[in-house]
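Engineer: Turn this into a model:
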Amino acid sequence: MKAFLLAAGVGSRLRPLTDRIPKCLVPIGGVPLLGIWLELLRRAGATEALVNTHHLPEAVRSYVAAGPVPGIQVTLFHEPTLLGSAGTVWANREFVRGAGEFLVIYADNLTNMNLRGLLDFHRQKNAFFTMGLFATATPTQCGIAECGDDGRIRTFVEKPARPAGRLANAGLYVADERLFDLAPAAPFMDFGFDVLPLLAGRMYGYLIPGYYQDIGTPERLDEARRAWPGLDAAC
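Structural biologist: The predicted model follows:
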C-alpha cells in the first residue's frame, strides 16, 4: 500500500518554533510528528510514502535519509511553490498508478488510531473515497460533513458560516484512482474547497476512534504534548 503524507505546511501559527524546525518534525513525546505517521503506516501494512516538502526541506531530507521507520520507503517531492493539498496528489498521480487504494494524510495532525480500521471500513463500503472524521468544537473553522445512517456523506462544506453539524474533516482519506477522474489538474488545488464538495453523496465518513488532535497552534500543540497517550494506546 502507498500513502501521501502532506507535510509541506509552513506552520506560521507555530512561529517562532517553526522558524527553525518544519512543522512535520515538531516532536511529540520525543518523536517527530512525521515519524509517528510513518510508524502508523508501517503498522497498517503500508510500504511506500510520498512526503512533500516546502519549508526547511533540508531538515526533512536529513530526517528521512536517516531511515526513521524501517520498512517504509519514502519519496520526497519538493514544492518551491505550494500546490495545495489536492494539487500535490494530482501532480503525483503516477506514484499510485496501479496501486489500487491509497491513503492521503495531512501530516500536521496527531492521532494514535489504527489505520486498519479505516481501511476495513472503506473496503466494507466498497467505496472509492472515505474520509476520516472527528467531532469538533469549532465547526466554522473546519470542513463539515453531514452523514446519513449508512455513513455516506450527503453534504460537505469547508468552513461553513452555518454548520450542519460537528463532524469535521480529519485530513485522512482512503481513495483509489477514480478520484482523478473528478477534476483536471490545476496549478493549485485544495481538497476542502475544490474536491470534496464534488464527492457529496458518493463518499463515506469514518469516525476516528481514540486520540486525535490538530497541532496547528501553540495552544493545541501544548495540549497535545500533555494529553498524547502514545502509539501503544492505539485504537
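
Engineer: count of residues packed around Leu17?
Structural biologist: Close neighbours of Leu17, defined as other C-beta atoms under 10 Å, add up to 13. C-beta: built from backbone N, CA, C; applies to glycine.

Engineer: for Leu196, that is, sorry about that
Structural biologist: Counted with other C-beta under 10 Å, the neighbours of Leu196 add up to 24.

Engineer: so where's this structure uncertain?
Structural biologist: For the chain, applying pLDDT under 70 flags the ranges 11, 233-235.

Engineer: Tell me where the longest strand sits in it.
Structural biologist: With secondary structure taken from DSSP state E, the chain has its longest strand at strand 167-175.

Engineer: Output the contacting helices and strands for that one.
Structural biologist: strand 102-106, strand 109-111, helix 115-124, strand 129-135, strand 143-147 (3 or more C-beta pairs under 8 Å, 6 or more residues apart in numbering; DSSP states H and E).

Engineer: burial count for Phe77?
Structural biologist: Phe77: 16 neighbours (other C-beta under 10 Å).

Engineer: for Glu219, same thing?
Structural biologist: Glu219, neighbours per other C-beta under 10 Å, totals 10.

Engineer: Gly201 too?
Structural biologist: Gly201, neighbours per other C-beta under 10 Å, totals 11.

Engineer: which one is it nearest to, not counting chain neighbours?
Structural biologist: Arg154 (6.1 Å; C-beta to C-beta, 6 or more residues apart in numbering).

Engineer: swap in Pro163?
Structural biologist: Per C-beta to C-beta, 6+ apart, closest to Pro163 is Pro139, 3.6 Å.

Engineer: Can you give me the distance of His54 to Ala8?
Structural biologist: Between His54 and Ala8 the computed distance is 4 Å (C-beta to C-beta, to the nearest Å).

Engineer: repeat for Arg93
Structural biologist: Applying C-beta to C-beta to Arg93 and Ala8 gives a distance of 17 Å.

Engineer: and if you look at Asp190?
Structural biologist: 13 Å.

Engineer: Have a look at these two and say which one is more surrounded.
Structural biologist: Remark: of Asp190 and Ala8, Ala8 carries more neighbours, 25 against 16, as counted by other C-beta under 10 Å.

Engineer: so where do the helices sit in the protein?
Structural biologist: Ranges of helices within the chain are 33-43, 57-65, 85-91, 115-124, 218-227, based on DSSP state H.

Engineer: Make JSON lines from those helices and add distance to Glu101 to it.
Structural biologist: Putting the helices of the chain into JSON lines (distance: least, C-beta to C-beta, whole Å) gives the following:
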{"stretch": "helix 33-43", "distance to Glu101": "13"}
{"stretch": "helix 57-65", "distance to Glu101": "24"}
{"stretch": "helix 85-91", "distance to Glu101": "14"}
{"stretch": "helix 115-124", "distance to Glu101": "7"}
{"stretch": "helix 218-227", "distance to Glu101": "29"}
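
Engineer: Please identify which of those helices is closest to Tyr106.
Structural biologist: Evaluated with C-beta to C-beta, the helices of the chain place helix 85-91 nearest to Tyr106, the distance being 6.8 Å.
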